[in-house]
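Chemist: Fold the following for me, if possible:
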Amino acid sequence: MANDRKPLISGNWKMNHNHFEAIQTIQKLAYALESGDYAAVDVSVHPPFTDIRSVQTVLQADDVPIALGAQNVHQADSGAYTGEVSPSMLAKLDVTYVIVGHSERRELFGETDEVVNAKAKAVLAAGMTPIVCVGETLEERNAGQAESKVAGQVAGSLAGFSADVVAALVVAYEPIWAIGTGETATPEDAQQMCGYIRGLVGDQWGSAAAGGVRIQYGGSVKPGNAPELMGQPDIDGALVGGASLDPDDFARIVRFPLYQ
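Modeler: So this is what the prediction gives:
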């Protein structure tokens, strides 16, 4: 890597794996990774809510240095919000990272930058780290609006945060047109936008925040393209979807430094 930011490779399982399958997957993943892998790369897995306790038990019982993550959260700590899960509930399960504002939450469930901002603040207040997702659609990209869309999302989703807080965050750039489509931004395209995001952070929160924030790329990341993507100077890891469901594929992505 061209910087001292430790990469974070996160597996977003989305709405896949029951708790039996989750246990098998995390056990196989732990078996495939070695101590040297964890020294080079931080790893998190983000199961469905119904699997989190099962995965937590495996990680704790076997002392596996994989961080437990969640895919979403409600911004309130408790209350009459049927079907929702609060930050404190996740924190009690030793969740470390929480994805907020994933494009599927924004596109399918109407989450605005204001909602994402509230969720990110709630995650931080509960002692966890948000992975704040931003990204443009194909239509926006083709219309030359990719940078303005991402700039608005960064400003809105991180509104009210101090420079120190931003420096410790994770931002995931996920071009919506490359999620689950098999399409992947070229390493140069991904680097251009991740570098742009870092520039936005620097302009608003200063050079220390820009140097500290970890920026992931998400969008059809696979073992074959991970090393080149991760070799870009402003890409500090990956938010992996489908490939994270296969422990062997995900382990190969985590071990990308071996193939660079």
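Chemist: Which parts of the stretch 151-260 of the chain are helices?
Modeler: 163-167, 187-205, 207-212, 226-230, 247-254 (DSSP state H, counting those that start in this stretch).
Chemist: Which strands or helices does the fourth one pack on?
Modeler: Under the contact criterion of 3 or more C-beta pairs under 8 Å, 6 or more residues apart in numbering; DSSP states H and E, the helices and strands touching helix 226-230 comprise helix 187-205, strand 237-240. For the C-beta atoms, the positions are set from N, CA and C on the backbone; glycine is no exception.
Chemist: Could you export these to CSV, including columns for distance to Ala226 and mean pLDDT?
Modeler: Compiled in CSV, the helices and strands packed on helix 226-230 are given as follows (distance: least, C-beta to C-beta, whole Å; pLDDT from 0 to 100):
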stretch, distance to Ala226, mean pLDDT
helix 187-205, 10, 97
strand 237-240, 6, 98
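Chemist: any idea which of those is most buried?
Modeler: Of the helices and strands packed on helix 226-230, the one with the most neighbours on average (mean count of other C-beta atoms under 10 Å) is strand 237-240, at a mean of 29.
Chemist: Give me the contacts around that one.
Modeler: Counting contacts by C-beta atoms under 8 Å, 6 or more residues apart in numbering, the residues outside strand 237-240 that touch it are 7-12, 41-42, 99, 131, 133, 170, 172, 174, 214-218, 221, 226, 229-230, 250, 253.
Chemist: list the contacts for Val64?
Modeler: Ile26, Ala30, Val58.
Chemist: do that again at 7 Å, thanks
Modeler: Residues near Val64 by C-beta atoms under 7 Å, 6 or more residues apart in numbering: Ala30.
Chemist: And stretch 32-47, what's buried?
Modeler: Ala32, Leu33, Asp37, Val41, Asp42, Val43, Ser44, Val45, His46, Pro47 (16 or more other C-beta atoms under 10 Å).
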